[in-house]
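quick one, what's the 3D model for this:
(one chain, ligands or ions: 2)
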Amino acid sequence: MKQNRPAVPKLLTALALGAALTFVHCLSAQPAAAADELAPLPVKAPAPTLKGTPNDLPAGPNVEPPPEKPRPPFMAPKGVVNVAAGKKVTSSTKPFTGTLSQVTDGNKEPDDEQVVETRRGKQWVQVDLGEPARIHAIVIWHDHRFLQVFHDVIVLVADDPDFTQNVQTIFNNDVDNSAGLGIGTDKEYFETNQGRTFDAKGVVSRYIRCYTAGSSLSAINACQEIEVYALPAK
Ligand SMILES: [Ca+2]
Ligand SMILES: [Ca+2]
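Ligands and ions are numbered 1, 2, ... in the order given. Below you'll find the model as predicted:
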């Protein structure tokens with residue numbers, strides 16, 4: 001006797017087959033591209049500070065808790081290098097501790113002589129890459145001798161040293177716009193030996209400017225190192 005198989009199981013079989021094929025397609029299409037093109041950012045962290053943890057750490061909805069372990073590596077296109085190394089640094093006000101060349105000298109150890117300090121209020125330090133580059137990550141160590149939070153951290157890139165041409169905001173945690181550069185939506189964070197990596201998403205630019213307005217420990221501003229991981233612009 002000829003059997004009439006119900007239509008529903010046939011449909012289910014077709015759906016299952018389709019799903020399986022889609023799954024196999026995803027398996028074969030996805031991993032190759034990601035694994036070939038990205039690699040952990042080749043950043044070297046300095047030693048952690050030996051100065052201990054201050055009392056009364058800042059907290060609140062706009063402050064990330066202090067990290068308990070190193071953050072996962074930032075994945076960037078293979079071949080990026082720190083194009084800020086040894087490049088010219090300028091600032092809004094002359095440092096009273098250290099020299100501006102120390103911001104790109106590669107030394108970011110938590111020692112007193114490795115910190116470039118500028119006076120209180122909103123101040124900036126700026127790196128000129130010398131030519132435009134395709135920037136994938138900017139890593140900044142402000143002052144990790146102490147576990148502290150810097151205020152109004154704003155990272156901008158631009159085509160000109162006066163920041164009038166093609167200005168783009170990479171990071172801004174000035175939530176009350178006290179710096180007057182627009183309301184930021186990023187969170188404040190603690191300085192550690194890991195520094196802070198900002199995703200620049202491949203923007204092509206030449207100048208990097210970093211604002212701060214004091215910290216949870218002091219009204220003065222302090223920067224140790226700025227690294228800019230990039231590929232050639234063309
Ligand atoms: Ca330095
Ligand atoms: Ca503010």
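
who's Trp141 bridged to?
With beta bridges defined as DSSP bridges, Trp141 has these partners: Glu225.

quick one: pLDDT of it?
Confidence per residue is given as pLDDT, and for Trp141 that number is 98.

ok, and the closest non-adjacent residue to the one residue in the chain that gets nearest to ligand 2?
Of the chain, the residue with the smallest distance to ligand 2, taken as C-beta to the ion, is Ser178 at 3.6 Å. Any C-beta I mention is one placed from the backbone N, CA and C, and that applies to glycine too. If the residues on either side of it in the chain are set aside, Ser178 comes closest to Asp152, at 6.3 Å by C-beta to C-beta, 6 or more residues apart in numbering.

one step back: and the residue of the chain closest to ligand 2, how many neighbours?
For Ser178, the tally of surrounding residues (other C-beta atoms under 10 Å) stands at 11.

that one and ligand 1, how far apart?
Distance of Ser178 to ligand 1, given as C-beta to the ion, to the nearest Å: 27 Å.

next: Ser215.
According to C-beta to the ion, Ser215 stands 18 Å off from ligand 1.

buried residues, stretch 105-112. List them.
Of the residues in stretch 105-112, those with enough neighbours to count as buried (16 or more other C-beta atoms under 10 Å) are Asp105, Lys108, Glu109, Pro110.

before we move on, the earlier item: now the residue nearest to Ser178: which helix or strand?
Take DSSP states H and E as the rule and Asp152 turns out to sit in neither a helix nor a strand.

with Ile208 instead?
Here Ile208 is assigned to strand 196-212, by DSSP H and E.

and Val139, by the same measure?
Assigned by DSSP H and E, Val139 falls within strand 123-141.

output the contacting helices and strands for that strand.
strand 75-77, strand 88-91, strand 154-158, strand 196-212, strand 221-223, strand 225-232 (3 or more C-beta pairs under 8 Å, 6 or more residues apart in numbering; DSSP states H and E).
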